[in-house]
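Q: Here is a sequence together with a model predicted from it:
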Amino acid sequence: MIAFAALMERLSCTTAPAARRVLLHRYFTTIPDPTRGYALAALTGVRLFPAMGPSAIRALALTRTDPVLLTAARGFVGDLTETIALMWPAARSNAAPPDLAAVIAGLNGATKAEVPALVAGWLDASEPRVRVALLKLIARGGQAPVTDEEIWDVLGAMTGTSPAAIETAWRGAAPPYDGLFASARADTVPIPPPEAGRVVRVMLLYAEPNAYTIGVWKGDHLVPIGQATADDADAAFLAQWARSHTINRFGVVREVEKTMVLSVSFQSIRPAPRRKAGIALRGARVVMVHGDGAVADSLDALSA
């Protein structure tokens, strides 16, 4: 859900159709099956599980919050799911945020009586941004911040077929649409020049205010390959994540648990003989937050 939540948040605040297509392209070419297929279904309004209505979601919130406070907060925020996501008093949890596919499987496999406890556990394990996406998905509320035509354009370019053919294939298939992505090619949608460059999956090692030391695997250990920056939304999310996953501090620098995987774009690789990796990235910038469960790339793959 971390990557899906990041996608939804970025789509909601991106008005340019070309930029939304870039975001969709990145997601569909970096997220594996079946998760990306379920994301496609969610984006196109396909029913994936029995929805949890507003009254049930409010009842769930009232198991943890005061009704007067909830009403007042909703009056300020406006949207019920966003209000609950922001004010949810999470219980301590060692669980990782749920994967999108796991959410769908869990909701389809649970009885109506089991759903509230299931959702509460997911909310406890998630950051506010993930809670927003999770609750909106569960409530099936609101219009997806992207048009079907934009999705068909991206998938058509990925698979080398027309948008109309993609839409036809989608209508004849069922989630998670494995065949729809079978011939996808990751290099067919042009990326605007400001975001040009290669993309690599890295592990977050250290965090300071909008500067993130990142690393890749060299054998069985992680080696730093430089620092990356992030846009405001990702920087806010990573700052909050770092505060709750710090294992050591050096002034403003936090050493964090080695579980947060990011995709970063970069402009070039320079030699760095004094570094354990022997190289460093230039112009690295966070383009996707994958979170727990994802795997960082190896130094050999980066140098290839």
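A: Cool, the structure landed.

Q: Counting neighbours, what do you get for H290?
A: 19 (other CB atoms under 10 Å). Every C-beta, even on glycine, is put in place using the N, C-alpha and C of the backbone.

Q: Under the pLDDT cut-off, which ranges of the protein? List them.
A: In the predicted model, the chain carries pLDDT under 70 at residues 141-143, 182-197, 291-293, 303-304.

Q: how does it look with 80?
A: Across the chain, the ranges flagged by pLDDT under 80 are 15-16, 18, 140-145, 160, 178-179, 181-197, 210, 232-233, 291-294, 301-304.

Q: which stretches of this structure form strands?
A: Taking DSSP state E as the criterion, the chain contains strands spanning 198-208, 211-218, 221-228, 246-250, 253-256, 261-266, 268-271, 279-282, 285-291.

Q: list the contacts for T246?
A: Under the criterion of CB atoms under 8 Å, 6 or more residues apart in numbering, the neighbours of T246 are 254-256.

Q: let me redo that: A144
A: With CB under 8 Å, 6+ apart as the criterion, the residues that contact A144 are 8, 11, 42-45.

Q: ok, of the residues you listed, which one's closest to F250?
A: Closest to F250 out of those is M8 (34.3 Å), distances taken as CB to CB.

Q: contacting residues around the closest residue to the closest one other than its chain neighbours?
A: In space, and not counting its chain neighbours, M8 is closest to A133: 4.9 Å by CB to CB, 6 or more residues apart in numbering. With contacts defined as CB under 8 Å, 6+ apart, the neighbours of A133 are 1, 4-5, 8-9.

Q: please redo it, this time with the cut-off set to 6 Å
A: Residues touching A133, when contacts are defined by CB atoms under 6 Å, 6 or more residues apart in numbering, comprise 4-5, 8.

Q: Look up how far M1 lies from it.
A: A133 is 6 Å from M1, where distance means CB to CB, to the nearest Å.

Q: and G219, how many neighbours?
A: Here the count is done by other CB under 10 Å, and G219 has 9 residues near it.

Q: ok now do it, which residues does it touch?
A: Contacts for G219 were tallied using CB under 6 Å, 6+ apart; there are none.

Q: and if you look at V287?
A: 263, 265.

Q: and S268, how many neighbours?
A: By the other CB under 10 Å criterion, the neighbourhood of S268 contains 10 residues.
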